[in-house]
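Colleague: here is the input, now give the coordinates:
(4 chains)
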There are 4 protein chains.
Amino acid sequence: MPNVAILGASGYTGAELVRMLATHPQMKIAALSADRKAGMSMAEVFPHLRHLNLPKLVKIDEIDFASVDLAFCALPHATTQEVVSALPRDLKIVDLSADFRLRDPAAYAQWYGREHSALDLQQDAVYGLTEFYRDAIKGARLVAGTGCNAATGLYAVLPLLEAGVIDPDEIVISLVTGVSGAGRSAKENLLHAEVSEGTGPYALTGHRHSAEFEQEFSKAAGRAVACTFMPHLLPQNRGILASVYVKGDAVAIHAALQDRYAREPFLEVLPYGDAPATRHVRGSNFCHLGVVADRREGRAIVFSTLDNLVKGASGQALQNANLVLGLEETAGLMQAPLFP
Amino acid sequence: MPNVAILGASGYTGAELVRMLATHPQMKIAALSADRKAGMSMAEVFPHLRHLNLPKLVKIDEIDFASVDLAFCALPHATTQEVVSALPRDLKIVDLSADFRLRDPAAYAQWYGREHSALDLQQDAVYGLTEFYRDAIKGARLVAGTGCNAATGLYAVLPLLEAGVIDPDEIVISLVTGVSGAGRSAKENLLHAEVSEGTGPYALTGHRHSAEFEQEFSKAAGRAVACTFMPHLLPQNRGILASVYVKGDAVAIHAALQDRYAREPFLEVLPYGDAPATRHVRGSNFCHLGVVADRREGRAIVFSTLDNLVKGASGQALQNANLVLGLEETAGLMQAPLFP
Amino acid sequence: MPNVAILGASGYTGAELVRMLATHPQMKIAALSADRKAGMSMAEVFPHLRHLNLPKLVKIDEIDFASVDLAFCALPHATTQEVVSALPRDLKIVDLSADFRLRDPAAYAQWYGREHSALDLQQDAVYGLTEFYRDAIKGARLVAGTGCNAATGLYAVLPLLEAGVIDPDEIVISLVTGVSGAGRSAKENLLHAEVSEGTGPYALTGHRHSAEFEQEFSKAAGRAVACTFMPHLLPQNRGILASVYVKGDAVAIHAALQDRYAREPFLEVLPYGDAPATRHVRGSNFCHLGVVADRREGRAIVFSTLDNLVKGASGQALQNANLVLGLEETAGLMQAPLFP
Amino acid sequence: MPNVAILGASGYTGAELVRMLATHPQMKIAALSADRKAGMSMAEVFPHLRHLNLPKLVKIDEIDFASVDLAFCALPHATTQEVVSALPRDLKIVDLSADFRLRDPAAYAQWYGREHSALDLQQDAVYGLTEFYRDAIKGARLVAGTGCNAATGLYAVLPLLEAGVIDPDEIVISLVTGVSGAGRSAKENLLHAEVSEGTGPYALTGHRHSAEFEQEFSKAAGRAVACTFMPHLLPQNRGILASVYVKGDAVAIHAALQDRYAREPFLEVLPYGDAPATRHVRGSNFCHLGVVADRREGRAIVFSTLDNLVKGASGQALQNANLVLGLEETAGLMQAPLFP
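Modeller: You can find the predicted model right below:
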């Protein structure tokens, strides 16, 4: 049974990895790191995991990577580059940060405000949108997890660009997301008193996941594609819903999604004219998609929803880790959504 | 001091009218009707109003309209036509239903699934979007309150069409709304267990407020205008946020809103590049508007938020009633929003 | 592999059973019933289960019970008596209703307002509080699931009465519960607009789970025990927290809980002085317990929390079904809680 | 018209004062202070107040107190002592902190972990529970606002001790409170992701408001009274509900409350057997009280609910300021609760 380590286990995505690995039949948690909380038990940091028999939290340099087959890296961007650069080169890595998502160093510098310091590693990285990079992920040394908002929109749009059923110049992604996507950081704007009954847009000058949309949309369309993307913060903990306004025939769009995802275990295309809701994917690795016709002819609305902490982060990471390690792709991931 | 009656006082909009009238210096509640709850006190139906000395709930035909100056009509559509037809012709009416909003009988029949039975009254009705119909409202016998979603979008878009700063054929209104807009009706989809953590779109085959958008947009543009409009149900009680994606110069758009609303007491245009949130208008008659530039040149996003039960319904109604009765327009309406 | 049927699959507890059975290695869902929704697919009723390949919903009399080993009965009380009376006598039944919880027919009549019509079946029933009736459940034909509030309080108090470390005449159970415990019923008091920001007590003249407390407390104490029990409705979907105020030494109380639950897989006693929260058991079969000393000497507060739909209903039922069928008790139940 | 200053205007209680003063007919906001946010406008800190024409935020020493009649002091405890000591001795002060609530310096030192440094001012302070100290408040120089939890429990219990209808040695206060009571502080335990669906007790080793209970209960009973008090954090923004378990006759208890509060403008005693809910006092200065009989003879449960930011803090402060300044006690405070 492969041994895995989770670097950055004291955040929500780290805890989610532990939660899913708790019932994974073929991976063993060998080490958990958390810099500032080293020495603590996971039960102290995340009491919901107290029934599990887990290793104590340690600093990364206390981990003996010789006995680790794969590391999940759930650290902040920038820090991630440094940490991964120092890890053994034969260690397989599934990264959840933004550090290796963008293939173009200039795009990275533009959106993240600093030069990338590990461009050699960036060369090795495979973008972790499983359903579109599956074969490359199987052979990857380093998988770069997608942004959670990015994944939600990409699932809705990529098949449409591939199939040529929408106008690439008229894509508007209006997206709402729960607060857990912002992590376990004590910020005023994430307080219950501010968020509850408080919906509003954020990242008003441009959200970093725009770079992922452009990178992947352009690749799928075979030419440069830009889009409108506006995220909003929602008074709920989990769940992203992207409402994508496009020009194209709704029936053809629906067919393109159905065709593309017909054999995918986690992507559910709803019947034509039906729409998904965040409550139906909560806590699971599923993504639900729906298509409705706009009242204006030749236009359609595509909806995509997933759980930002699962299919948008830790579930995706586990799915990719399964591939990297040659395990069953769905192992540990078939838990049904939690509703209500 | 004018006497007012509230017909349909057992719903949320009825209760909101009572709440605001409780501190209104120049109106007296003379009668409250509620068909199925006739005989009950308001304290039984709405315990939050128990400190007020209010008339008992009665059936409409028990009200002596001779001593009533103005009736707020907060009844379901269709019922409203019948009730208003039977009221004295000299009674001033501020209606909150959908029955008199659409000037075109064919549009009414199309969207509401039945022929209008009081077309003569429809002739008299003035559309209740105060800031755009103020003078007509002052002299009106019957004011037709706008839809709550409609008002939110109209405030964002009408000045832009009037000023000619956006492309009328490229308007996408993506809107989120709290549950109270659906009223106090015991429906499965409005249960806490379904709504909480449950965001999703609704009215997938077209929302009735689309008819109001088209009517008013076309009037403002001087030609037929259609738009995309998609509402979503939000896990919160109050608040609508419309995110309107348009083609036009963001700076010119912002200037058009500022010019149009410079002297309006309830419409607050935020500084350029800033965006509003539902938490900042809760419980108040204010509407906050913001404009940001899209990353794609020549496109902008306009945000508009208001409290669906106040500026989107009962506050608007009270503002219009003030005008109809020749009172100070802002009387009883200057309560600041409740945050957090 | 045993075949199971779920009677009443269109409610929340029915859906929860399906959710957990989806990853249960040793049970197969052979039939799903729902009277008013017969003919529909589960995906229509519960879209979060759409990825599963499930039998269609049917009426109970369409089920061939010859091929069913065990039926979960998730129907309303009263109806349950009738349905179970008509089922084959060799069919094993795990019931989630209130119909077979009370051993005393007079208590049933008093609390449920009608005579019990299946007293012979009542004789066979074993009370489903697994950790206190494990051996009897293993051999049972009919297991009567506990009330969700009852289970929460019983886990806190029964070991204390057994160990004689509290005064049986001074037990105050102040409890808060999420809305899903009330089921998927379209009632005004369960609407989001009423529940959100709306906490208050309910069942003011006495809650039916009081009968379970008295039955089990009296059995444990060896004499009649009555207690104070007051439930409150909470603006959240899942989770019950019982705060139990008792007279006794806090350290001795903590020791009694630790001793009693030392080898229990689902009952976690927190370190002395620590307290649980609903967020740490959500979506799981775990119950967390904590004890703190009151500032008044000789008094303590015992906290108990569980997910009403899992350990308080469907998880408990599955745990009992595992025992009845001779399977591993924890099979399908080791999913970690979902947080945040 | 009296001029008032608000010291500490950048917190929730400061904003609430501004909200209520916005429609107060007889007070003028002359100055607003906020140390770390000095130089900013209130609209930047609290966008919901952007429609108001308010003075800029300044540091306290920039305020010219010669033109100020009364200062609301909404600063943290300890800081408050220092600030108030440095203010002009003829300035009237309504304090919202904990610094002047406890008449016994030893109690202050015990609960707040430091010696009090302004005992001379403490001598002048009147405890701000208006309905029990009205006459003293009218002549006070310094009014010490009560704790929000304390006020909720005191309203339920004090009349019962005064009337001698309960056993003073058997008072259990189980209380739930929304998050806004903890202020606008960026703490992990107040994040939406932690609070939502997350109910649990806090202050496990004793809450400071216990000291207020003991001080006032002992005064009312004429002898030392201790009680059990356990607060819980609730997934909502506003509202406290105290469920008080007592020994005494429920009918006599109800009568004692009715008698005591018959002429109080803000205290509403519900009909016997009815219970209040937080949703019915939200955003208002009202406190709703209810009494039900326990199923055990000779015991009763008293419920009390109020909005922690209004009647529990800023509303109470304004009510007291009205008295201090010789204004109508209810001026600016008659806004009805906001529901839903």
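Colleague: just give me the neighbour total for residue A:222.
Modeller: 11 (other CB atoms under 10 Å in any protein chain shown). Backbone N, C-alpha and C define where each C-beta goes, glycine included.
Colleague: scratch that, residue A:169
Modeller: Counted by other CB under 10 Å, the residues lying close to residue A:169 total 12.
Colleague: show me the longest helix that occurs in chain A.
Modeller: Assignment by DSSP state H gives helix A:148-163 as the longest helix of chain A.
Colleague: after that helix, next one along is what?
Modeller: strand A:172-177 (DSSP states H and E).
Colleague: secondary structure element for the residue with the largest distance to the centre of chain A?
Modeller: No residue in chain A sits farther from the centre than residue A:297, which is 33.5 Å out by CA atoms, centre = their mean. Assigned by DSSP H and E, residue A:297 belongs to no helix or strand.
Colleague: can you show me the helices along the stretch 1-150 of chain A?
Modeller: Assigned by DSSP state H, counting those that start in this stretch, the helices in the stretch 1-150 of chain A fall at A:12-21, A:42-45, A:79-86, A:105-112, A:119-124, A:130-138, A:148-163.
Colleague: buried sites along the last one?
Modeller: Taking 16 or more other CB atoms under 10 Å in any protein chain shown as the basis for neighbour counts, the residues of helix A:148-163 that come out buried are A:148-163.
Colleague: now do the contacts for the residue of the stretch 201-340 of chain A found nearest chain B.
Modeller: In the stretch 201-340 of chain A, the residue found nearest to chain B is residue A:277; the distance is 2.8 Å by CB to the nearest CB. Applying CB atoms under 8 Å, 6 or more residues apart in numbering or on different chains, we find residue A:277 in contact with A:241, A:288, A:305, B:198, B:199, B:200, B:201, C:47.
Colleague: sec struct for the spatially closest residue to the second one that is not a sequence neighbour, please.
Modeller: Read that as residue A:288. Distances taken as CB to CB, 6 or more residues apart in numbering or on different chains put residue A:276 closest to residue A:288, at 3.5 Å, once the chain neighbours are dropped. Under DSSP: H, G, I helix; E, B strand; the rest coil, residue A:276 falls in the coil class.
Colleague: test my guess that residue A:276 contacts residue A:241.
Modeller: Yes. Between residue A:276 and residue A:241 there is a contact under CB atoms under 8 Å: 7.5 Å.
Colleague: which residues do the two both contact?
Modeller: Overlap of the contact sets of residue A:276 and residue A:241 (by CB under 8 Å, 6+ apart) consists of A:303, A:304, A:305, B:200.
Colleague: wait, the first one touches residue B:201, no?
Modeller: Read it as residue A:303. Yes. Assessed by CB under 8 Å, residue A:303 is found in contact with residue B:201 at 6.2 Å.
Colleague: and for these two, which residues touch both?
Modeller: In contact with both residue A:303 and residue B:201: A:241, A:243, A:275, A:292, using CB under 8 Å, 6+ apart.
Colleague: could you count how many residues lie near the second one?
Modeller: What that stands for is residue A:243. Residue A:243: 27 surrounding residues under other CB under 10 Å.
Colleague: partners of the host helix or strand of it in the sheet?
Modeller: Using DSSP H and E, the element containing residue A:243 is strand A:240-247. The pairing partners recorded for strand A:240-247 under DSSP bridges are strand A:172-177 (antiparallel), strand A:299-306 (antiparallel).
Colleague: other SSEs contacting the helix or strand that that strand is followed by?
Modeller: Per DSSP H and E, the first helix or strand lying C-terminal to strand A:240-247 is helix A:250-261. Here helix A:250-261 touches helix A:148-163, strand A:267-269, strand A:287-293, strand A:299-306, going by 3 or more CB pairs under 8 Å, 6 or more residues apart in numbering or on different chains; DSSP states H and E.
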